[in-house]
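J.: Fold the stuff below for me.
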Amino acid sequence: MSKIQTYKYIPKFVFIVPYRDREKHKEWFINNIKDVANKNNHFFELYFIHQNDSRIFNRGAMKNFGFIFIKKKYPKDYKGITLVFHDVDTFPTKDVIFDYYTNEKIVKHFYGFHHTLGGIVSIRAKNFEHINGFPNYWGWGFEDNVFQDRCKKREYTIDRDHFYKINDESVHHFQDERYKVFNATNIDRVENDNKRNGLLTLLNYNIREEQLESDYMFMIHITGFDCEYDPLKETFQTHDLAKGNVIMKNYKQSSMKMIM
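T.: You can find the predicted model right below:
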């Protein structure tokens, strides 16, 4: 791992945004986060976690690396920091102000679906570490389902008092990708979560920090890592979002296209 500096000032919360090849969305996100900085009295930081390799995207791992970086950067104080996991293509309108900060064992969910903790979610770093973070699934989908199950099994409160469902006009959401590549092998893994797949199984990684245009914005480049599953041995398929976001076990094989 590259050397990570430690700092005097400790953020109250940090945005962790999984990222790769979404430059337009990144610039849009940065422009919106500036409004949060102007409206919010708490010191916060923004981290784009960039999977900088040619393998299929591992969104859960990128979220986990966000935590790993914060723990290395603030080794004495990280447990009290609120982690805000946020998709790069999503942001509340200017009229909506979220209270991102949360307390121990309370997970705030601001945008997404009720059956899964994706979209915009905040959790204390201490609690995130306790449940071993997200599973490191290759391809689109399912890591947020497992994350919600892990929170429920630890009896964390899932707070949806200020929650908007997908497609609510109070939250801007780019939806310019109709087809998503998902890992069919993960369907069974969701139902049989081994609990180890997560922070504990990320190995041999290299992290490099890049300062962006403001002193609270960073790009964290992940230039290599190993995890529990080898993407070369996984089964990937495409899913048409026009058919919905929920993929059931009885999804017909004929309606999918294999990824070569």
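
J.: Show me what the mean pLDDT comes to for stretch 211-219.
T.: Here stretch 211-219 scores 92 as its mean pLDDT.

J.: residues of that stretch that come out buried?
T.: Neighbour counts over stretch 211-219 (16 or more other C-beta atoms under 10 Å) mark Tyr216, Met217, Phe218, Met219 as buried. No exception for glycine: its C-beta is placed from N, CA and C like everyone else's.

J.: Just list the residues touching the first one, thanks.
T.: Spelled out, it's Tyr216. Pro11, Ala37, Phe43, Phe44, Glu45, Leu46 (C-beta atoms under 8 Å, 6 or more residues apart in numbering).

J.: can we see that at 7 Å?
T.: Phe44, Glu45, Leu46 (C-beta atoms under 7 Å, 6 or more residues apart in numbering).

J.: The stretch 101-250 of the chain: strands as residue ranges?
T.: All strands of the stretch 101-250 of the chain, identified by DSSP state E, counting those that start in this stretch, fall at 106-112, 120-124, 157-159, 164-165, 171-173, 179-183, 203-211, 217-226, 236-240.

J.: most neighbours per residue, which of these?
T.: Mean neighbours per residue, mean count of other C-beta atoms under 10 Å, is largest over the strands of the stretch 101-250 of the chain for strand 120-124, with a mean of 25.

J.: For that one, the averaged confidence score.
T.: 98.

J.: what angle separates that strand from strand 106-112?
T.: Angle of strand 120-124 versus strand 106-112, following axes from the mean of the first three to the mean of the last three C-alpha atoms, to 10 degrees, is 170 degrees.

J.: picking up where we left off before, let me have the strands of the stretch 101-250 of the chain in CSV, adding distance to Asn136 as columns.
T.: Output for the strands of the stretch 101-250 of the chain, formatted as CSV (distance: least, C-beta to C-beta, whole Å):
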stretch, distance to Asn136
strand 106-112, 20
strand 120-124, 17
strand 157-159, 22
strand 164-165, 27
strand 171-173, 25
strand 179-183, 11
strand 203-211, 10
strand 217-226, 9
strand 236-240, 15
